[in-house]
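K.L.:
Compute the structure for the input listed below.
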Amino acid sequence: MNIEQELLRFLGNNAVLIAVAIFVIVCIMLGVRIVPQSQKFVVERFGRLRSVLGPGINLIVPFLDKVAHKVSILERQLPNASQDAITRDNVLVQVETSVFYRILSPERTVYRIRDVDAAIATTVAGIVRAEIGMMELDEVQSNRATVIAKIKTQVADAVDDWGIEVTRAEILDVNLDAQTRAAMMQQLNAERARRAAVTEAEGEKRAVELNADAELYAAEQTAKARRIAADAEAYATEVVARAIADNGLEAAQYQVALKQVEALTKLGTSQGSQTVVVPASALDAFGEAFKMLKGRGS
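P.N.:
Modelled structure (predicted):
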């Protein structure tokens, strides 16, 4: 009983101090804010933006300031979205896209746009339709990287006012309806057939060119051989003419006699030649040839 009375007396005498201590503790709890590394806190005072708290320990004015929004600054990915688009050559395609972004300025994001994901998705859909509409189907298929770069740039410009950075934009797939796909397959087969025909024609053309080159080379070699033979014959004629010029007619007669004797010798030694009949005039000629040879030999 005495303890209870003493406690009540103590509380009565120190009620103000206790109240002040409780108030200080509450103020500390309300005034100190620890912000995680992956977040930013938006602080309001009387409903208006006061400040943005970064990661770490931050101080605010208790009872006047309050943390109105806790915004994650981690990179986010929008759900994959598909939107229809019509190319410049009037082909209906279904484009599947994916966008990654992160919030850089939470104060602009929370006060300028209500649903960030829906706003970005709508913006991406409009930009994709506009870009695809300016290109033909073949360009969309072959220049996908260029299309992605344009989409990313335009989306980044559109959402910059919301304090958002688009880190990546991807076109995951471009789907076609069955009829368009079948038509493209026919076109692809026709293109393959055309390329095969062109390759075959080029091969035949090359074969004709090589054959013509071979015939031209053979003709050139034949002409060269004939030219060499003609040069040799001309040289032999020149030698004979020079010998006649140097030694007179006797040298020429000696050469003729030598040829006559060689011809007679071959005729006599040939197979099946038992008897050789020659005219008398020929015998006289051979006699003269033998005399000349004999004279040259002595």
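K.L.:
And the contacts of the helix or strand where E165 lies?
P.N.:
In this structure, E165 is located in strand 164-176 according to DSSP states H and E. Strand 164-176 has contacts (CB atoms under 8 Å, 6 or more residues apart in numbering) with 75, 80, 82, 91-104, 109, 116, 120, 124, 128, 140-141, 144, 147-148, 151-152, 155-156, 159, 184. (C-beta placed from N, C-alpha, C; glycine too.)
K.L.:
Just the buried residues of the residues you listed.
P.N.:
By the neighbour-count criterion of 16 or more other CB atoms under 10 Å, the contacts of strand 164-176 include these buried positions: 91, 93, 95, 97, 99, 101, 103, 109, 116, 120, 124, 128, 140, 147-148, 151-152, 155, 159.
K.L.:
picking that back up, okay, buried residues for the strand holding E165 please.
P.N.:
Residues of strand 164-176 classed as buried: 164, 166, 169-171, 174, 176 (neighbour count, 16+ other CB under 10 Å).
K.L.:
Just checking: what are the partner strands of it?
P.N.:
For strand 164-176, the pairing partners within the sheet under DSSP bridges are strand 92-103 (antiparallel).
K.L.:
average pLDDT for the strand it pairs with?
P.N.:
Averaging pLDDT along strand 92-103 gives 90.
K.L.:
just to revisit the earlier point, among the buried residues of strand 164-176, which one sits closest to V35?
P.N.:
Of all these, I164 has the smallest distance to V35: 19.9 Å, by CB to CB.
K.L.:
Which strand residues bridge the closest one?
P.N.:
I103.
K.L.:
my read: L78 touches S98, true?
P.N.:
Yes. The pair L78 and S98 passes the contact test of CB atoms under 8 Å, sitting 6.8 Å apart.
K.L.:
Please tell me how far V116 sits from A145.
P.N.:
Spatial separation of V116 from A145 under the definition CB to CB, to the nearest Å is 27 Å.
K.L.:
What of G56?
P.N.:
Distance, G56 to A145, using CB to CB: 40 Å.
K.L.:
next one: R194
P.N.:
Between R194 and A145 the computed distance is 28 Å (CB to CB).
K.L.:
So, low pLDDT: which residues of the stretch 151-298 of the chain?
P.N.:
Within the stretch 151-298 of the chain, the ranges that satisfy pLDDT under 70 run 184, 236, 239-241, 243-298.
K.L.:
The longest helix along the chain to strand 92-103, inter-axis angle?
P.N.:
Among the segments of the chain that qualify as a helix by DSSP state H, the longest is helix 178-247. Interaxial angle of helix 178-247 relative to strand 92-103 (axes from the mean of the first three to the mean of the last three CA atoms, to 10 degrees): 100 degrees.
K.L.:
and helix 178-247, what other elements does it pack with?
P.N.:
Here helix 178-247 is seen to pack against helix 249-269 when contacts are counted using 3 or more CB pairs under 8 Å, 6 or more residues apart in numbering; DSSP states H and E.
K.L.:
So which residues of the stretch 1-150 of the chain form strands?
P.N.:
Assigned strands in the stretch 1-150 of the chain, in chain order: 32-35, 39-45, 48-53, 56-59, 65-72, 76-77, 81-86, 92-103 (criterion: DSSP state E, counting those that start in this stretch).
K.L.:
Of the ones you listed, which shows the lowest average pLDDT?
P.N.:
Mean pLDDT per stretch puts strand 81-86 lowest among the strands of the stretch 1-150 of the chain, at a mean of 86.
K.L.:
who does that one pair up with?
P.N.:
Strand pairing for strand 81-86, determined by DSSP bridges: strand 92-103 (antiparallel).
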